[in-house]
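A.B. asks: Everything below, folded, please.
(2 chains)
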Amino acid sequence: MEALNNLMYGFSIALDPINLMYVFIGVFAGTIIGMLPGLGPMSALALMIPITFNLNPATGLILMAGVYYGAIFGGSTSSILLNAPGVAGTVATSFDGYPMAQKGMAGKALAIAAYASFVGGTISIIGLMFIAPLLSKVAVSFGPAEYFALMVLGLTAVVSLSDKSLVKGLIAAIVGMMISIVGMDLQTGTERYTFGSIEMLDGINFLVVALGIFALAEVFYMLLRGGKKVQKRNEIGSLKLSMSEVKEMAAPVARSSVLGFFTGVLPGAGATIGSFLGYSMEKRLAKDGDTFGKGNIKGVAAPESANNAACGGSFVPLLTLGVPGSGTTAVLLGALLVMGVTPGPMMIEQRPDVFWGVIASMYVGNIFLLVLNLPLIPYIARILDAPRALLLSLILIFCMVGVYGLNFSSFDLVLLLVFGLIGLVMRLNGFPAAPLILGLILGALMEESMRRALQISGGDWSIFIDKPISLVLLLIALLSLGLPVVKKMIQKSRSA
Amino acid sequence: MLRLNINQLLAVILFVSSLGYLWMAFQIPVFPIPRPVDSDAFPKMLGLCLLILSVFLFLEKVPANVAEDKTSKEADVADDLPQTGIMNPKMQVLGASVGVLAYAFLIKPLGFLAASIILGVGLAYWFGYRNHVVNFVTVGSIVLSLYLLLSKVLGIYLPQGIIPF
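C.D. replies: Numbering: from 1, shown residues only, chains lettered A, B, ... in the order given. Take a look at the predicted model:
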């Protein structure tokens, strides 16, 4: 009852006409920016910080929450239509969303993404409202050893997704981690693998690699494949979902929303791991799991609900503990500090207007997202009508603008080309790109957790198996890698 | 003569690269204050993992579907494109790569608008689009919108170059 009263108080703040306008601006701007390959939620939020300077903290955070949600959904749109995820959290959406678009079902994939995002977002808000304190206690009990094990599990889950070769998946993940540690070691100030280049001191930005490996490599691959038009207008298909399709995706959406929320709560394991775990879980549970990656609707619904739910989940440690769970929530934390609000356990009592206003605005933002995006889907999907040559040249420009806008550096554009060519070689030879991207995102975090854990244990590596949660997570990771091998061996012995 | 398949060739490249990576990991200077794990530990682990995995890759058989995939790709190319001149797929990739490189070096002197329009129109032409008016209008309007959105709405500085606005 108290939660409901608080929520009503939150709605009285969120439904204020000025705040309502900012929710709308946030969701709309976020969707547009997130749709542009290269400009994800982190860039969108960072760009919006100056706008919040003169706003009161509740309004400022309401705007930022809208941008965050909108950018995640916008990212899934470019994943489905262009196979160019500007946001790591929507990479998994492209696995089945893009094949659906290629089959002429782009409209359906976008509609599924919109509904799944709405459900995922709504479930996560309910979770955030009711069980945030409980979950945050669990998350607090995680030490560096547990974080390390969790990240290992996130990586192995993705590698086990790779149908082609476990070895190639692992190689891609290792290479991703190798890229992640380029630059100055933040703990010791030591330069690593910079080759004396000043530009490399800050490391290699995720977007440069992601746009190179996914978008640019895709352009190159399409050029190599030849002159087929990407999509014909009459193949886009209906936005409507049949009852059987709704029934088919209901359970995966519900499961992935809960999983995504829990994943979002854990620091470091945000929308990206949530979406990959949701996808992986549904692939294993589905009777038609072998059609995942070929345009299965559950392969779009699961990661979309999970990544939106993870966004809500990531607010738990941010608002109740003052700990950002991801790079994006770190930007949000920075914005809050600029506005003079320090999140933490006392925030609910000291600034209930901010806490409950944001939660209520998330409900409103989710409705805007659905109302705004579904009617726009047919117009957005028209991008596929463009002549292939024009579309490819425009994708190239979007990639380059996204990368150049990061640091205004020509060096980043050269790196983009390098990663585009690496992505092409990987694609032509059966190396999956997703583990590389995840390795890149998690590599530095894994190293930090590993070093912190070993510092606590005085260099004793058994800390990773002495802690029960860490041990269980590592065993699950091992199991996720072992299962495909065992499955293959059983198949071989049966066919022999 | 020993003939390597594509997996084995890539495995050799990765093996040599991992050796180089490990060598560089051993060159990382030690932090003056003693600590249980230094900056070189994680890179050494990664280098060793890549070394071992490259051996596994060398021993792995090339799956049939990769070979099939390649055949179908070649068939696609053969069906769709004339294989000569700039329409040769490899020439198209080369042209796009040169375009990206040229953009990297010309964006500052020419400015965002001019460099992006030249690149966009030029690449669309290179990829085979011959309706010049539609090409210029489409690329020009999208680049202009992007410029206005980024520089005027979002406040991101983009080089003006030869078009001062």
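A.B. asks: ok, B:Gly111 touching B:Ser151?
C.D. replies: No. B:Gly111 is beyond contact range of B:Ser151, at 11.0 Å (criterion: Cβ atoms under 8 Å). For glycine as for every other residue, the C-beta is placed from the backbone atoms N, C-alpha and C.
A.B. asks: Looking at the two, which one has more neighbours?
C.D. replies: Legend: neighbour count by other Cβ atoms under 10 Å in any protein chain shown for B:Gly111 and B:Ser151, higher for B:Gly111 (20 against 17).
A.B. asks: host element of the spatially closest residue to the more buried one that is not a sequence neighbour?
C.D. replies: Setting aside the residues directly before and after it, B:Gly111 is nearest to B:Gly161 in space (Cβ to Cβ, 6 or more residues apart in numbering or on different chains), at 2.0 Å. B:Gly161 belongs to no helix or strand when assigned by DSSP states H and E.
A.B. asks: picking up where we left off before, pull up the overlap in contacts between B:Gly111 and B:Ser151.
C.D. replies: When contacts are counted by Cβ atoms under 8 Å, 6 or more residues apart in numbering or on different chains, B:Gly111 and B:Ser151 are jointly contacted by B:Leu158.
A.B. asks: which residue is nearest the centroid of chain B?
C.D. replies: In chain B, the residue lying closest to the centroid (Cα atoms, centre = their mean) is B:Ser97, at 8.0 Å.
A.B. asks: Per-residue pLDDT of that residue, please?
C.D. replies: pLDDT recorded at B:Ser97 is 94.
A.B. asks: got it, and the one 5 residues further on?
C.D. replies: B:Ala102 is assigned a predicted lDDT (pLDDT) of 94.
A.B. asks: Not counting residues beside it along the chain, what's closest to it?
C.D. replies: Leaving aside its chain neighbours, B:Ala102 sits nearest to B:Leu119 (7.3 Å; criterion: Cβ to Cβ, 6+ apart).
A.B. asks: Who are the contact partners of that neighbour?
C.D. replies: Counting by Cβ under 8 Å, 6+ apart, the residues that B:Leu119 touches are A:Ser393, A:Leu396, A:Ile397, A:Met400, B:Gly99, B:Ala102, B:Tyr103.
A.B. asks: next SSE after the helix or strand it falls within?
C.D. replies: Using DSSP H and E, the secondary-structure element containing B:Leu119 is helix B:112-126. Sequence-wise, the next helix or strand downstream of helix B:112-126 (DSSP H and E) is helix B:132-147.
A.B. asks: elements contacting that following helix?
C.D. replies: Counting contacts by 3 or more Cβ pairs under 8 Å, 6 or more residues apart in numbering or on different chains; DSSP states H and E, helix B:132-147 is packed against helix A:388-407, helix B:112-126.
A.B. asks: quick one, domains of chain B?
C.D. replies: Per automatic domain parsing, the domain ranges recorded for chain B read B:6-62, B:85-153.
A.B. asks: okay if I get these as CSV plus distance to A:Gly89?
C.D. replies: Output for the domains of chain B, formatted as CSV (distance: least, Cβ to Cβ, whole Å):
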stretch, distance to A:Gly89
domain B:6-62, 25
domain B:85-153, 23
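A.B. asks: and of these, who's closest to A:Asp412?
C.D. replies: domain B:85-153 (8.4 Å; Cβ to Cβ).
A.B. asks: Counting neighbours, show which residues of stretch A:149-156 come out buried.
C.D. replies: Buried residues in stretch A:149-156, counted by 16 or more other Cβ atoms under 10 Å in any protein chain shown: A:Ala149, A:Leu150, A:Met151, A:Val152, A:Leu153, A:Gly154, A:Leu155, A:Thr156.
A.B. asks: Tell me the one of those nearest A:Ala444?
C.D. replies: Nearest to A:Ala444 among the buried residues of stretch A:149-156: A:Met151, at 10.4 Å, using Cβ to Cβ.
A.B. asks: May I have the residues that are in contact with A:Gly365?
C.D. replies: By Cβ under 8 Å, 6+ apart, the contact set of A:Gly365 is A:Val23, A:Gly26, A:Val27, A:Ala65, A:Gly66, A:Tyr69, A:Gly70, A:Gly121.
A.B. asks: Could you give the number of residues near the fifth one?
C.D. replies: To tie it back to what came earlier, the one meant is A:Gly66. Neighbours of A:Gly66 (other Cβ under 10 Å): 30.
A.B. asks: Tell me where the model's unsure across chain B.
C.D. replies: B:1-2, B:63-86, B:153-154, B:165 (pLDDT under 70).
A.B. asks: Next, please give the residue ranges for the helices of it.
C.D. replies: For chain B, the helices defined by DSSP state H occupy B:6-27, B:41-59, B:64-80, B:89-110, B:112-126, B:132-147.
A.B. asks: what does the stretch 351-496 of chain A give?
C.D. replies: Along the stretch 351-496 of chain A, counting by DSSP state H, counting those that start in this stretch, helices occupy A:352-381, A:388-407, A:410-428, A:434-457, A:463-466, A:468-495.
A.B. asks: Now the weakest link among the ones you listed, please, by mean pLDDT.
C.D. replies: helix A:352-381 (a mean of 76).
A.B. asks: in that one, what counts as buried?
C.D. replies: Applying 16+ other Cβ under 10 Å to helix A:352-381 flags A:353-366, A:368-370, A:372-373, A:377, A:380-381 as buried.
A.B. asks: correct me, but A:Thr93 touches A:Val300?
C.D. replies: Yes. Shown here, A:Thr93 and A:Val300 form a contact pair, counting by Cβ under 8 Å, at 6.0 Å.
A.B. asks: returning to what we had before: residue contacts, the residue nearest to B:Gly111?
C.D. replies: By Cβ under 8 Å, 6+ apart, the contact list for B:Gly161 reads B:Ile107, B:Lys108, B:Pro109, B:Leu110, B:Gly111, B:Phe112, B:Leu113, B:Ala114, B:Ala115.
A.B. asks: How many neighbouring residues does the fourth one have?
C.D. replies: Per other Cβ under 10 Å, the neighbour tally for B:Leu110 reads 21.
A.B. asks: cool, and B:Pro109?
C.D. replies: Count around B:Pro109 with other Cβ under 10 Å applied: 11.
A.B. asks: where's it relative to B:Gln160, distance?
C.D. replies: The gap separating B:Pro109 from B:Gln160 is 11 Å, by Cβ to Cβ, to the nearest Å.
A.B. asks: go on, A:Asn56?
C.D. replies: For A:Asn56 relative to B:Gln160 (Cβ to Cβ), the value is 36 Å.
A.B. asks: Could you look over the helices of chain B and pick the most buried one?
C.D. replies: helix B:112-126 (a mean of 23; mean count of other Cβ atoms under 10 Å in any protein chain shown).
A.B. asks: With just CA atoms, put that helix into CSV.
C.D. replies: Below are the C-alpha coordinates for helix B:112-126, written out as CSV (Å, rounded to 0.1, in the frame of the first residue of the first chain):
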residue,chain,number,x,y,z
PHE,B,112,32.0,17.9,-42.8
LEU,B,113,29.3,18.9,-45.3
ALA,B,114,31.6,19.0,-48.4
ALA,B,115,33.6,15.8,-47.5
SER,B,116,30.4,13.8,-46.6
ILE,B,117,28.5,14.8,-49.7
ILE,B,118,31.5,14.1,-52.0
LEU,B,119,32.0,10.7,-50.3
GLY,B,120,28.3,9.8,-50.3
VAL,B,121,27.7,10.7,-53.9
GLY,B,122,31.0,9.3,-55.0
LEU,B,123,30.5,5.9,-53.3
ALA,B,124,26.9,5.6,-54.5
TYR,B,125,28.3,6.1,-58.0
TRP,B,126,31.1,3.7,-57.4
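A.B. asks: So which residue is dead centre in chain A?
C.D. replies: Geometric centre of chain A, nearest residue: A:Gly89, 1.2 Å, by Cα atoms, centre = their mean.
A.B. asks: Pull up the gap between that residue and A:Lys492, please.
C.D. replies: 37 Å.
A.B. asks: try B:Leu19
C.D. replies: Taking Cβ to Cβ, one finds B:Leu19 at 33 Å from A:Lys492.
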